[in-house]
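A.B. asks: Sequence below, structure please.
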Amino acid sequence: MKTFITLCVCVLMLAGVALAAAIDGKWVAETKMNRNGNEMVIVSTFDLKADGNTLTGSITRKMGDRDPMTSEIKNGKIDGNKFSFTVVTNTPNGEMSMTYEGTVDGDTLKGTSAREGGQGRPFEAKKK
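C.D. replies: You can find the predicted model right below:
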């Protein structure tokens, strides 16, 4: 019985490591936005790496024909298939902090992103 319990614990631990590793790599999300009557596409590329329960990496955002902006992930966490992190971006209007939370489901990241003090917006990214 003791061997069976030990084996079950090992299997569960390996499953957690496998789920964390499933987030490693590049993910791309496209969001359409209407600003002053002009529609633009925002392409966000997530470059993610899990190390145990710690999530690191960066997000590069390209808004329409503007130059891309890259932000490093801060306070990244992963727990099974759930993840969360914050990015801080320098904009012409000052620093902007955004928090991302969601889940990994196969080749899809699903979750919400929210500006500091703002309401969350859904996002979905596909593995590249």
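
A.B. asks: Burial check on residue 41, number of neighbours?
C.D. replies: Counted with other Cβ atoms under 10 Å, the neighbours of residue 41 add up to 11. C-beta coordinates here come from the backbone N, C-alpha and C atoms, glycine included.

A.B. asks: you'd agree it is in a helix?
C.D. replies: No. Counting by DSSP: H, G, I helix; E, B strand; the rest coil, residue 41 is not part of a helix but strand.

A.B. asks: so what's it scoring on pLDDT?
C.D. replies: For residue 41, the pLDDT comes out at 91.

A.B. asks: Kindly indicate whether residue 119 is helix, strand or coil.
C.D. replies: What three-state DSSP gives for residue 119 is coil.

A.B. asks: Contact partners for it?
C.D. replies: The contact partners of residue 119, by Cβ atoms under 8 Å, 6 or more residues apart in numbering, come to none.

A.B. asks: So what pairs up with residue 115 in the strands?
C.D. replies: Beta bridges link residue 115 to residue 98 when assigned by DSSP bridges.

A.B. asks: just checking, what packs against the helix or strand residue 103 falls within?
C.D. replies: Using DSSP states H and E, residue 103 maps to strand 94-105. Strand 94-105 is packed against strand 82-91, strand 108-115, with contacts defined by 3 or more Cβ pairs under 8 Å, 6 or more residues apart in numbering; DSSP states H and E.

A.B. asks: Run the chain-centre distance for the last one.
C.D. replies: This points to strand 108-115. Put simply, strand 108-115 sits 7 Å off its chain's centre (Cα atoms, centre = their mean, to the nearest Å).

A.B. asks: low pLDDT regions in the chain?
C.D. replies: For the chain, applying pLDDT under 70 flags the ranges 1-21.

A.B. asks: for the one helix or strand residue 31 maps to, packing partners?
C.D. replies: Using DSSP H and E, residue 31 sits within strand 25-35. Judged by 3+ Cβ pairs under 8 Å, 6+ apart, strand 25-35 is in contact with strand 38-51, strand 121-127.

A.B. asks: need these in JSON lines with distance to residue 30, can you?
C.D. replies: Listed next are the helices and strands packed on strand 25-35 as JSON lines, based on distance: least, Cβ to Cβ, whole Å:
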{"stretch": "strand 38-51", "distance to residue 30": "5"}
{"stretch": "strand 121-127", "distance to residue 30": "9"}
